[in-house]
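>>> model this:
(chains A, B, C and D)
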Amino acid sequence: MITAPKIEYLQLAPLLLVFGAAVLGVLVEAFTPRYLRRAIQIPVTLLSLAGAFALTIVQTLKGVPTEPSAMGAVAVDGPTLFIWGTILVLAFVCVLLVNDEEHFVAAASAVPGSAEEERAFIEGNVHTEVYPLALFAIGGMLLFPASNDLLIMFVALEVMSLPLYLLCGLARRRRLLSQEAAVKYFLLGAFSSAFFLYGTALLYGFAGSVDLAKIAAALGSVAGQNGLLYLGAALVGVGLLFKIGAAPFQAWKPDVYQGAPTPVTALMAAGTLVAAFGAVLRVFWVALGNLIWSWEPVMWAVAILTMVVGAILAITQTDIKRMLAYSSVAHAGFLLVGVIAIGDAKQNSLALGAILFYLAVYGVTTIGAFAVVTMVRDPGGEAWHLSRWAGLGKRSPKLAGLFAFFLLAFAGIPLTSGFFGKYAVFQAAVADHATPLVVVGVISSAIAAFFYVRVIVLMFFSDPAADGPTVVVPSWGTAAVVGFSALATVVLGVFPQPVLDLAKSAAGSLFVG
Amino acid sequence: MPWLSILMGVSVLGALGVAFIKDDRLAKQATLVVSLVVLALTVAMAVQFSPNGDRFQFAETYDWIPAFGVHYAVAVDGVALVLILLSAVLVPIVVLASWHEAEAGKRSVRTYFALLLVLEAMMIGVFAATDVFLFYVFFEAMLIPMYFMIGSYGGAQRSYAAVKFLLYSLFGGLLMLVAVIALYTVAGKNSFLFTDLLGAIKDPTTQKWLFLGFFIAFAIKAPLWPFHTWLPDAAAQAPAGAAVLLVGVLDKVGTYGMLRFCLELFPEASKWATPVVIALAVIGIVYGAIVAIGQTDIKRLIAYTSISHFGFIAMGVFAMTTNAASGATLYMVNHGFSTGALFLIAGFLIYRRGSQFIDDYGGVQKVAPILAGTFLVAGLSSLSLPGLSPFVSEFLVLTGTFQRYAVPAVIAATGVILAAVYILWMYQRTMNGPTAEAVQGMKDLNHRERWVLIPLIALIIGLGFFPKPMLDVINPAVKETLTNVSVTDPAPAIAKEGQ
Amino acid sequence: MEPAEIISHTGGVIGAGWLLIALPLLGAAVLLLGGRRTDKWGHFLGVALAVASFVVAVLAFVQLLGFAPGERRRGVALYEFIPGVANMGLLIDPLSISFALLITGVGSLIHIYSIGYMSHDTDRRRFFGYLNLFVAAMLLLVLADNYVALFIGWEGVGLASYLLIGFWQYKPSAATAAKKAFVVNRVGDFGLLIAIFIMFSTFGSVAFADVFPKAGGASAGTLTAIGLLLLLGACGKSAQLPLQSWLLDAMEGPTPVSALIHAATMVTAGVYLVVRSGAAFFPADSTASLVVTIVGVATLLAGAIIGTAKDDIKKALAGSTMSQIGYMMLAAGLGVAGYAFAIAHLITHGFFKANLFLGAGSVMHGMNDEVDMRKYGGLRSLMPITFVTFLIGYLAIIGFPLLSGYFTKDGIIETAMEHSAILGWLAVIGAGITGFYMSRLVFMTFFGERRWAADAHPHESPSVMTWPLIVLSIGSIGLGGYLILSNRLMVFLGPAVGQPEELPAFHFFSPVGLATLALVALGAAYAWLKYGRAEVPAVAPRGSFLTTFARRDLYGDALNEALFMRPGQWLTRLAVFFDNRGIDGVVNGLAAGIGGTSGRLRRIQTGYVRSYALSIFIGAAVLAGAWFVVGTL
Amino acid sequence: MTTHYLVLSALLFAIGGIGVLVRRNAIVVFMCVELMLNACNLAFVTFARQHGNIEGQVIAFFVMIVAAAEVVVGLAIIVTIFRTRRSASVDDASLLKY
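Take a look at the predicted model:
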């Protein structure tokens, strides 16, 4: 006789709300006339995200649960709640960015330049499917870091990725690139998730369970199965490192970031990264925490490689989105430095807090940067080539100033949020005696500074091209996004304390003693 | 009364205000007023400073980021005070000197002046900070306004120079960041307060590593040979006003940092490193002077003279005698005035002729005697002619160094001869001889330009004969520092009369 | 007898001794800052203040005489200059006051003379400003009671000399000469500076009052080092070998400058320094003092030889100045016995050399600034006053009996003779050469037939220029005798510089003296044969090797050129190259290297999804492998 | 006894992996991925058998569902790009590079 599983609905409410809204969105697509869809989708999406955020807050105030919920499938603990909060805010902002039909194709199925595409244009069609798709992806992002066993993690990974594959293909301009991005992302994503799955299988074989806690327990008890363990762990690691775009698994990032519609790129660069790092922490700290001695050296190599590759390859990029992609690779490397800084409970909460803070501030800044990218346009669409940005500082100083500010934040100049993010992570690493890694980190961020600075030079110190790109009057959504990001970057750059405290307490709740 | 916060607040608010003034002329005037107000306040503060009171005065300490043990902690000792005075004096002068600076580039005038004020706030902050982290924040953040001033308003090669300047300094700064973090971690005081960190690092090896982290950053900033090559580019490309602040104040942060942080936080390591540093300093003195002789570009030449001078300062700091250290501190101030004057006059000259190359000049004295005269005075001060302020500091540095390291002091003293060569040769080539036709009809200094120079030259001569007020403020602070490093001045061989 | 104690003093004229310096300094300030609006009366102000300073000096002198000889070293504290290192203060004692009198006295005369000499110059005001500046600096130099303050004056006079040599800066030659003078002086100052460092680190003070008494306790090595370094400084300032080269070029300046700075006063500062520090750092028979005498003799001969070959009247006189200062140095090197003679000769030389220079200036003034003596000749009738006064100066310098030079120079030679025969005889030879070249100068200028340029209209100078000549020539006649006979100066200076146990008695026509006279007569006669009676060619004949040797200033400049200038230029070029290519090259190379790596590396991103997949596959393999290895280690 | 199954699954996984690397046709590449997933399933079931718990078998079902979803999305994307480019070769899609 079967006992009904025990589900803590309140704890899972944010998840359920987002997924519910996504399903609702699909129904809307199915049953409401085209002209109504946007009017319904946008409120539904935004409200659901806001609601989910509110629920997360409520959950936090009610006290952080200590037991994993849903029969141990989902762990709604401190870090999860912090990450949920972060992702929901970022997602909300991204949706605001999405809210601008300029970005998305009228009819994805139509062949570029074909008659039917023309018609779709003229009819002013828009893909409102974007919203439910985004919601599914966001739902996946929420579940990914919260999942407490590898199966859920795999499912979450797919739920997060599949909609993103589609979204990548929906760019209104430069559709060839967009579709190419979609196909590349899809194939590579599927490939890597296969690795993840096989790793899961091997770990299951090792521990007899996919529950992270059980795997952790098995590390001590099971003997003679190390082959399974290391191979499995490594393959799972591959799947995760692929998602965060760590070298040597970063190849997809520049292509996909460049091809995808910029709002989607923003969503990936911010949301996916946060979610993926949440998952990385779960696997490497919770499940494989006691295995640190075996994976720390490997991770050192990966982190160094990621930082250096990201920084160096970005130098010679001529496409703003590719450059930002490589910069996000470099940042992934910096975050990995934090991941390695694992030790006793105190050290862990220090490192975890640092990573969480870094993720939050980086996500906000990066969305802001991409938002600016959406506003600088040529007749043929957004002006991606750096040479087109020359002299922007003279044509529209405010926008250029904001972008410069975001870049400085990426570079980690003091009095921007980026600085404290880096500082926190590096401090954690030094506390863990990973000082050489930090030295590599600062050197590569010095190299990285070069290409951020290069863009500033272009914008401010070189004279504008005659037929320079136009800076569109931003839609209220975009304006809000840029404003919010800039504000957050400043405020967190001057008074990071509140968010730091949040991150710290979130981390502390997990590592008590 | 929170003097230091007020000083910074006034300049920041001023900057914000100026940034929104549409009318350029008004913006300039506003900037001038603000900077003068800051100067007045600074003087008012300096008057209330009691040289023999506590080391740190006008202290303010608030928690800023408890999570990192970071405080908003500002206070001044004698050394910081005189350097803040230097900044406060230079800014209004630079404002007045830069009156037409921004227009040349057809760029936003008010931005330039807003940046100036932001920079002033940060200069005050960096000297006043008594929290290592806060110091670091200012140390790095300062780069940005200067970066924009060079990059947007500089000469033909400006963006190359600006990027070189920024990246070079940033690199040093990031190395320092590692050291800062490590310092915090190793000290384990959960506080970045300078006073908490004093003597916190016991282990000599750790000291050495941390010392290196700090020192390299400061050596790049100062700049000390061989980390100097960014300076000639930056100084030559920067607009005269910015160049003054760059060489006059920003670079002093490096030498100031050596004195305040390297020596006091890592005394053992400092002693360990002294021979190398002194060697680098001496090389810098001679090398900078020799390369300066070979320059064809006025501003580059001045930049190289500064490299030579920074050698003196660094030597004075690490000689670790009261005279040398006080001399070095005074040197920072005097060098600010003398080189400042040099750069400004060179700026006026270049503004008239439109060329930085020495060979494009000649016989200026005939057509513009006042310009030439002031240039000569500034030049003589740069070769530290007795009776002008730099002599006092150079003499103190050399005497103090000689007390402990005779040979380096003697080698360094040859810089005195070389200085005469590079300054007088440049003066001869630009000002003397038959008047070049390109120079014919060059206007002499107008009233604005004269008022720019009068205070500087007055200070140079005044402090040349009456350095006591400055030294009275500096000496106690320096003695304090040396006590923390636990060194004592070598006593004279013959104390009393002996026949 | 040792020098007396320095007694700190307040009140009276001596207490207000700072006026000596302040008055001309004020003048300089007004004239240089005042600008064109002071052109009208500027020169009068300059003169007035110089004279005023002279008056103060006289009054101070009188007050000083009021004290017992043992109490004539009065230290006047002014203010704290560099706390713990040096204070501003004056030392007014017989030595410094004698200098003060000479400087302000001769200085005032030359100021007056300049009113006339510079009357046509549009920048006369600036000229007087510089002159005042010089007087102030020179007074600080001699009145300072410590080495730092002395150093300020020391370089101050260097500055004034730089400004005045380059007064006609639009002439490249003048500008170059000025720069050369300053730089060469700086070489000397370098020595002085180091000497000061040693003193401070050894005695913990730089004040005469502290240093001199303690000097005895210092090691011989230290003392010698200090002495030699001081001597280096002295050589720079006094154009002694090996730092003599600048003086001849310095003649580019206006003639009054040559008279005041490069003959009467500044160039004697080196002698002052040696005498002042003598008791402490140049004890008799010490290495230092020996070197001093050698330098002195070498220079007195070199200067004389240079003097013989110059056709430029001022350069000839400059050579003689070198030579005369050589005599002073020699005397100063002889210790207590020589100091008085050194100073005596210094003072008389101040008079007759100023006299000669101003005379030369007067001649040039009449010959519209022609300096080549080959274009002079037969001027005595047209410029009677100039001629007479010049003749007096000439007789004085060659040591014609009973004129100033006779007593002082003879005193030096006698003392040198007692000290060491070689030195003595060399000095005698020098005297002989002096006889020759001075006579040559006089004959070429005032005698023989007229070899003027076509447009020359020689005329006597205005009285404002002649009166100073007359006064100076009076000094040239009588001063020497007054100072030397019955050892007046020696006794007076005793408290300041010490004096020998038994005072020397002056013998008229001592054997040495006679020998000297004979040689001088010989020289003069030879000069008469060559330039008085015989035809003087308009252009200098090639002349023997010796002549060229002398004309080329004994190849001093060539030597500097070869030893310092050229290598220096090469070094500079090398350094600049090294800086751009070497150090900066490394920096830029690094950047370029990273950029290149990036450029090459990004090619890996081929755009083919399968290659990406491959990278993932291999990455996975490596990762797993590495993990496995680490795990099983 | 279960080792053979594991070896088989490993082989399948490897074949799939190699296939992804060597095949040009997007569809085939995609099928190779599916093959890798099925290799995983085999592994899961085998281990379930080994450990004697049914978790692995349950997981296999999950994986199938996910794979199905992947097919839907994948084919959609591949079809669109096929319609634009008239070719299903993954090597044609190489505009985004460097």
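
>>> Give me the buried positions along the lengthiest helix in chain D.
Ranked by residue count, the top helix of chain D under DSSP state H comes out as helix D:55-85. For helix D:55-85, the neighbour count (16 or more other Cβ atoms under 10 Å in any protein chain shown) marks D:55-56, D:59-60, D:62-63, D:66-67, D:70, D:73-74, D:76-78, D:80-82, D:84-85 as buried. C-beta here means a position set from N, CA and C on the backbone, and glycine is covered the same way.

>>> And stretch C:543-553, by the same measure?
C:Ala550, C:Arg551, C:Asp553.

>>> and if you look at stretch C:277-286?
C:Ser277, C:Gly278, C:Ala279, C:Ala280, C:Phe281, C:Phe282, C:Pro283, C:Ala284, C:Ser286.

>>> Can you convert those residues into JSON lines and add a column each for secondary structure, pLDDT and distance to chain D?
Formatted as JSON lines, these follow (DSSP: H, G, I helix; E, B strand; the rest coil; pLDDT from 0 to 100; distance: Cβ to the nearest Cβ, whole Å):
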{"residue": "C:Ser277", "secondary structure": "helix", "pLDDT": "88", "distance to chain D": "77"}
{"residue": "C:Gly278", "secondary structure": "helix", "pLDDT": "82", "distance to chain D": "82"}
{"residue": "C:Ala279", "secondary structure": "helix", "pLDDT": "78", "distance to chain D": "84"}
{"residue": "C:Ala280", "secondary structure": "helix", "pLDDT": "82", "distance to chain D": "79"}
{"residue": "C:Phe281", "secondary structure": "helix", "pLDDT": "85", "distance to chain D": "76"}
{"residue": "C:Phe282", "secondary structure": "coil", "pLDDT": "85", "distance to chain D": "80"}
{"residue": "C:Pro283", "secondary structure": "coil", "pLDDT": "82", "distance to chain D": "83"}
{"residue": "C:Ala284", "secondary structure": "coil", "pLDDT": "77", "distance to chain D": "87"}
{"residue": "C:Ser286", "secondary structure": "coil", "pLDDT": "83", "distance to chain D": "80"}
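
>>> Serialize those residues to CSV and add fields for distance to A:Arg322.
Shown next, in CSV, are the buried residues of stretch C:277-286 (distance: Cβ to Cβ, whole Å):
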residue, distance to A:Arg322
C:Ser277, 76
C:Gly278, 81
C:Ala279, 83
C:Ala280, 78
C:Phe281, 76
C:Phe282, 79
C:Pro283, 83
C:Ala284, 87
C:Ser286, 80
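
>>> Now the closest residue to chain D within chain B: which helix or strand?
Minimum separation of chain B from chain D (Cβ to the nearest Cβ) falls at B:Val163, amounting to 23.1 Å. Using DSSP states H and E, B:Val163 falls within helix B:158-187.

>>> That helix near chain A anywhere?
Yes. Using Cβ under 8 Å from any Cβ of the partner chain, helix B:158-187 reaches chain A at B:158-159, B:162-163, B:166-167, B:170-171, B:174-175, B:177-178, B:181-182, B:184-185.

>>> measure B:Ser169 to B:Met332 for me?
In this view, B:Ser169 and B:Met332 are 18 Å apart by Cβ to Cβ, to the nearest Å.

>>> cool, B:Val43 as well?
19 Å.

>>> Just want to know which of these two has more residues nearby.
B:Met332 (29 against 12; other Cβ atoms under 10 Å in any protein chain shown).

>>> Go ahead and produce PDB holding the CA coordinates of whichever strand or helix holds B:Gly464.
B:Gly464 belongs to helix B:447-465 when assigned by DSSP H and E. The C-alpha trace of helix B:447-465 is given here as PDB (Å, rounded to 0.1, in the frame of the first residue of the first chain):
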ATOM      1  CA  HIS B 447      46.900  88.600 -15.500                       C
ATOM      2  CA  ARG B 448      45.200  85.200 -15.000                       C
ATOM      3  CA  GLU B 449      48.400  83.400 -15.700                       C
ATOM      4  CA  ARG B 450      50.400  85.600 -13.400                       C
ATOM      5  CA  TRP B 451      47.900  85.000 -10.600                       C
ATOM      6  CA  VAL B 452      48.400  81.300 -11.200                       C
ATOM      7  CA  LEU B 453      52.100  81.500 -10.700                       C
ATOM      8  CA  ILE B 454      52.300  84.200  -8.000                       C
ATOM      9  CA  PRO B 455      51.200  82.000  -5.100                       C
ATOM     10  CA  LEU B 456      53.400  79.100  -6.200                       C
ATOM     11  CA  ILE B 457      56.500  81.200  -6.500                       C
ATOM     12  CA  ALA B 458      55.700  83.000  -3.300                       C
ATOM     13  CA  LEU B 459      55.500  79.600  -1.600                       C
ATOM     14  CA  ILE B 460      58.700  78.400  -3.200                       C
ATOM     15  CA  ILE B 461      60.700  81.300  -2.000                       C
ATOM     16  CA  GLY B 462      58.900  81.700   1.300                       C
ATOM     17  CA  LEU B 463      59.400  78.000   2.200                       C
ATOM     18  CA  GLY B 464      62.900  78.300   0.900                       C
ATOM     19  CA  PHE B 465      63.900  80.600   3.700                       C
END
